[in-house]
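J.: need the 3D shape of this:
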Amino acid sequence: MARNEEKELVRKLRKGNEEAYIELLDIYGNRLLKTCYLILKNEKDAEDIVQDTFLRVFNQIDNYNGNSSLYTWIYRIALNLCKDKIKSRREFEIYEDIFETKEKVEDIVFNSIDREILRRELFNLNALYREILILFYFEELAIKEISEILEEKEGTIKSRLSRGRVILKNAIERGGELYE
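T.: Numbering: from 1, shown residues only. Modelled structure (predicted):
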């Protein structure tokens, strides 16, 4: 979405324009649902998070300051809600390992495995790595955007992305056994 279009949409949202709410849902709803589902591995939880996200966006649109794109702001809200959900399930672990790989995991994935295997192994990956891999590969966000959404340093995002690639690559090479 162009910056001018985004500013106009925000202006309409702040005025309570119902069509603007529908437009926002049309633009981001399905992508947000897909992202939340990939992170949470549960359709009902993902739907709940998306609903909660848009409620917060609608209720807090006056707090949007425009320092980041509207997209980034909305996804930050959704990802924070996903993290809270995961924490409540006691599945959330934090890793700060830095790990390098010589081969690009995306080359291995696209050249040698079926997408269903990739999806299954991605779901089995620790939530911290899964979240970054989804944002980078599926949402095609830049490191800087991911850094803004997750409120982490770019170096931290790069190291987690690298570590996540290695874990996913190794799991795929071993036929689905995740070892961290």
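J.: then the helix or strand hosting residue 7 to CSV, C-alphas only?
T.: Per DSSP states H and E, residue 7 falls inside helix 3-14. Extracted as CSV, the C-alpha positions of helix 3-14 are listed here (Å, rounded to 0.1, in the frame of the first residue of the first chain):
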residue,chain,number,x,y,z
ARG,A,3,2.2,5.8,1.9
ASN,A,4,-0.4,8.3,0.8
GLU,A,5,-3.1,5.7,0.6
GLU,A,6,-2.1,4.4,4.0
LYS,A,7,-2.3,7.9,5.5
GLU,A,8,-5.8,8.4,4.0
LEU,A,9,-6.9,5.0,5.4
VAL,A,10,-5.7,5.9,8.9
ARG,A,11,-7.4,9.3,8.6
LYS,A,12,-10.7,7.5,7.8
LEU,A,13,-10.2,5.0,10.5
ARG,A,14,-9.7,7.8,13.1
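J.: pull out the buried positions in it.
T.: Of the residues in helix 3-14, those with enough neighbours to count as buried (16 or more other Cβ atoms under 10 Å) are 9, 10, 12, 13. Where C-beta positions appear, they are placed from N, C-alpha and C, glycine not excepted.
J.: right, and the first one touches residue 22 too?
T.: No: between residue 9 and residue 22 no contact is recorded; they are 11.0 Å apart, counting by Cβ atoms under 8 Å.
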